[in-house]
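Please work out how this folds:
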Amino acid sequence: MPATAEREMGAGRAERPATVEVWDPFIRIFHWSLVVLFALAWVTEDLQWLHQPVGYAILGLVVLRVVWGFVGSRHARFADFVRSPSVTLAYARDLIAGRAPHFHSHNPLAAVMILSLLAMLIATAASGWMMTLDAYRSAEWLEDFHEGLASVTLALVGLHVLAVAIMTVVHGENLVLAMITGRKRM
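Here you go, the predicted model:
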């Protein structure tokens, strides 16, 4: 078909920007499963028969994500998006100045959030597991510590959601949809 005919056939239709697959199915399933499980863990604090297995499921997901961060698809690997502190600070300065570059995968600040959330989830799950041991079963300080870790994790989740909303506006792309479809615009 001649190029002019192709242009005429497309006339009147808005061209969609090209997209690229960024997040593989494992990452997307991990992400949304973690959202559901963390919310469930939060609301079942007093229902230990449910809270504990949910906590173990969270820990299992996090362990799988850490492994996937080394052996998974290109954009799932930590090496693809974790940057040095100097690069991360430069990105933060550029973001504040309104000239932050667009990344196919996670930006350097998002990488800090991912690592922080993973670390907090591991610490929260580990402290919860410790509370099941005879040596710590009645240790009130450990229960307070566990609840404090969960609260810090919830605050990080709130900051993450806020950052997603901000970056959606800054770059004009629906990041929630991207985490559902796995695709971002180029």
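
Sketch out the low-pLDDT regions of this protein for me.
Across the chain, the ranges flagged by pLDDT under 70 are 1-17, 186.

if you set the cut-off to 80 instead, what comes out?
Scanning the chain for pLDDT under 80 picks out 1-17, 185-186.

Tell me which stretches of it form helices.
Using DSSP state H, the helices of the chain run over 3-10, 25-43, 48-71, 78-81, 85-96, 108-130, 140-171, 175-181.

Pull the contacting residues for the residue nearest the centre of the chain.
The centroid of the chain falls nearest to I114 when counting by Cα atoms, centre = their mean (5.4 Å). By Cβ atoms under 8 Å, 6 or more residues apart in numbering, the contact set of I114 is 81, 106. C-betas here are computed from N, CA, C, even on glycine.

My read is that W42 contacts S151, right?
No: counting by Cβ atoms under 8 Å, W42 does not reach S151; the two are 9.6 Å apart.

Pick the most deeply packed of the helices of the chain.
helix 108-130 (a mean of 18; mean count of other Cβ atoms under 10 Å).

Please state the offset of it from the chain centre?
Relative to its parent chain, helix 108-130 has a centroid offset of 11 Å by Cα atoms, centre = their mean, to the nearest Å.
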